[in-house]
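# How does the following fold in three dimensions:
(chains A and B)
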Amino acid sequence: DVKVTQSSRYLVKRTGEKVFLECVQDMDHENMFWYRQDPGLGLRLIYFSYDVKMKEKGDIPEGYSVSREKKERFSLILESASTNQTSMYLCASSSKFYSYEQYFGPGTRLTVT
Amino acid sequence: GNSVTQMEGPVTLSEEAFLTINCTYTATGYPSLFWYVQYPGEGLQLLLKATKADDKGSNKGFEATYRKETTSFHLEKGSVQVSDSAVYFCALSFYGGSQGNLIFGKGTKLSVKP
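Numbering: from 1, shown residues only, chains lettered A, B, ... in the order given. Take a look at the predicted model:
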């Protein structure tokens, strides 16, 4: 059974903290994505990576960075968390051969207080 | 630019009712079109797809037809069940690109009452 796992389902952090969200996939996929999901705004792409050590900015990269040191792992980093980064964060992966079929993790609901 | 517009929810139906969720798109070129579903507490999963005009995607009783002339990809189901309660996302991508970026609509929440 294919799987994308995220390190936490719920996370509460304080303003100014550095936050790491981890995502691991076991499908040997080349592509990995980070989205945030907000009511009324749908899914917005933060960053994506199509290979190890490669990264590309999505639609809303400000305030975020990413790291992909290994093919199976894609980390999202909030350098200094702010309250407007309170959101649901979804990780996804896809193969370069069936790139449209993204497999999603269950999400991390992050609250920044 | 490329974008997807879908009807706002929430949509509330009784069990066995007919479902339509409208989706239209704007795109330069010829995208592939998708419906993703998000059940409560889960991530999104691909429901169905269509890669060219007049294709019909279908899965689990849901159907959608790629209409190039109206730039639409409406989701339909003849008889909904309580278990269909979820958020539905319409999306587009440009098939053949190895990076597969999807552009999503804002989602439509469906609630089905017994």
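
# all contacts plus neighbour counts: C-alpha atoms, from now on.
OK.

# Residue A:64: how many residues sit nearby?
Other residues within reach of residue A:64 by the criterion other Cα atoms under 10 Å in any protein chain shown amount to 17.

# Grab the nearest non-local neighbour of it.
Excluding the flanking residues, the one nearest residue A:64 by Cα to Cα, 6 or more residues apart in numbering or on different chains is residue A:78, at 4.9 Å.

# That neighbour contacts residue A:15, doesn't it?
No: in this structure, residue A:78 is not within contact of residue A:15 by Cα atoms under 8 Å, at 10.5 Å.

# Neighbour count for these two, which is higher?
residue A:78 (18 against 15).

# In terms of pLDDT, where does whichever residue of chain B sits closest to chain A sit?
Closest residue of chain B to chain A, Cα to the nearest Cα: residue B:106 (3.8 Å). Here the pLDDT value assigned to residue B:106 is 93.

# for the record, mean pLDDT for stretch B:38-50?
Throughout stretch B:38-50, pLDDT has a mean value of 91.

# So what touches that stretch?
Stretch B:38-50 is contacted from outside by A:90, A:101-107, B:32-37, B:56-59, B:63-66, B:85-89, using Cα atoms under 8 Å, 6 or more residues apart in numbering or on different chains.

# Quick one: distance of that stretch to the chain centre.
Centre-to-centre, stretch B:38-50 and its host chain are 9 Å apart (Cα atoms, centre = their mean, to the nearest Å).
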